[in-house]
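> Provided below for reference: sequence and predicted model.
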Amino acid sequence: MTLVKEQSEPEGADDKGGTEPAGDGYVPSPRRLERERHRRARTRRATAIAAASTLVTGVVLYLVVVSAPGWQRTKETFFDGQYAREAFPKVLEGLWLNVRLLLVCGAAVLVLGMLIAVARTLRGPVFFPLRVLAAAYTDFFRGLPLIINLMIVVLGVPALRLQGVTVDPVLLGGTALTLTYSAYVAEVFRAGIESVHPSQRAAARSLGLSNRQALRYVVLPQAVRRQVPPLLNDLVSLQKDTGLVSIGGAIDAVRAADIIAGRSLNYTPYIVAGLVFVALTIPMTRFTDWVTARMDRQRAQGGTT
C-alpha cells in the first residue's frame, strides 16, 4: 500500500493559483491610492488659495486704512499704546463684574424663560389667563429696546423711593437684562416644546404618566436638547450686553474705559474694552458652532430625535 503525502498549498493561495498577502492586512488598490493623492493635492491647493486670498485682502485693507488722510490723527486717538497699557488693568478689573452678571443673569434667564414657555404651552381653558399674561410678557419685552428697559429700571425704580427696594445699579441692571432676555429665551424654549411630536406626549400618557410627568420626563428633555444652539447664541449676546449696565454708573469694563477716556480725551480705552469682550466672546461662539455641528451629525445618523 502506497502512502501519498499531500503537499499543502502555500498560505494565502487561492483557487485560481494566485497568492494574496498573508493574514488579514488590507492593501488599498492603486485606484484608491491615486484618489487619496488627488484629494490631498486638492486640499493643499485650496489651503494655499485661501491663505493667499486672505493675505491679499488684509494687505489691501491695511493700505486703504493707513493711506487715509486722517489716519495719523485716528491712530493717535484710538490706538495709542501708552493709554492702552494704562487702561488694560482697569478694564480687566471691571470685566469681572461683567462675568458675574453673565453667570447670575444667565441662570435667572434660563429659569424664568422656561417658566414662561411652559405657561404659554399649558392646555385647557382654565390656563387661558396665564397664557395671555405669558404672551403679553414676551411681546412687550421683545419689542422694548434693551437700552430703554435699562434706563427705565436703573433710573426709574430709584425715583419711586420704594421702601426695601434696592437702588444698586448692578442689581437693577441685572434685573433689566433678565427681563429682556428671558422673553427671548422663552420663545426659544416654546419653539422646542412645540417641535416635539404630539405622539410623544400621547405615548407617555398611555403609559400612565400624568400631563405634568409627560411634560417633565418626555417633552422638556427633547425640547431643551434640540434648542441648545440657539440658547448658547442668546448667552453670547447676553455676555456682550452686560456692558450696558454702565449707564447706571456700575464700574464694569465699559465704564472703566469710559472713565479713562473722559480724563484723557483719548478713545484707546474703548478699543481695549472692545477687544477684551471679543476675546471673551470668541470661545463661546466657537463652542456654540461645535455643539451645533455635533448635533447635526448626530441627527443625520439618527442619534438624536
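Cool, the structure landed.
> buried sites along stretch 245-265?
245-248, 250-261 (16 or more other Cβ atoms under 10 Å). (Each C-beta comes from the backbone N, C-alpha and C, glycine too.)
> Which single one of these is nearest to Y181?
Nearest to Y181, judged by Cβ to Cβ, of the buried residues of stretch 245-265 is V245 at 13.0 Å.
> right, and that closest one touches P169 too?
Yes - taking contacts as Cβ atoms under 8 Å, V245 lies within contact range of P169: 6.6 Å.
> what touches both of those two?
Among the neighbours of V245, those also in contact with P169 (Cβ atoms under 8 Å, 6 or more residues apart in numbering) are V154.
> low-confidence ranges in the chain?
1-24, 302-305 (pLDDT under 70).
> again, only using 80
By pLDDT under 80, the low-scoring segments of the chain are 1-26, 292, 295-296, 298-305.
> And the helices in it?
30-66, 71-78, 81-121, 128-143, 146-151, 157-160, 169-195, 198-206, 211-214, 220-226, 228-241, 253-264, 268-300 (DSSP state H).
> Can you give the distance of the longest one from its chain's centre?
Right, helix 81-121. 14 Å (Cα atoms, centre = their mean, to the nearest Å).
> Report all helices and strands that that helix contacts.
helix 128-143, helix 169-195, helix 228-241, helix 253-264, helix 268-300 (3 or more Cβ pairs under 8 Å, 6 or more residues apart in numbering; DSSP states H and E).
> Give me the angle between that helix and helix 268-300.
Between helix 81-121 and helix 268-300, the angle comes out at 40 degrees (axes from the mean of the first three to the mean of the last three Cα atoms, to 10 degrees).
> Check the second one too.
Here helix 71-78 points in a direction 80 degrees away from that of helix 268-300 (the same axes, to 10 degrees).
> Return the set of buried residues in helix 71-78.
T77.
> Distance check, the nearest residue to R226 once chain neighbours are set aside against T121.
Excluding the flanking residues, the one nearest R226 by Cβ to Cβ, 6 or more residues apart in numbering is G192, at 5.0 Å. Distance of G192 to T121, given as Cβ to Cβ, to the nearest Å: 10 Å.
> of the two, who's got more company?
When neighbours are counted by other Cβ atoms under 10 Å, G192 and T121 differ, and G192 comes out ahead with 21 against 17.
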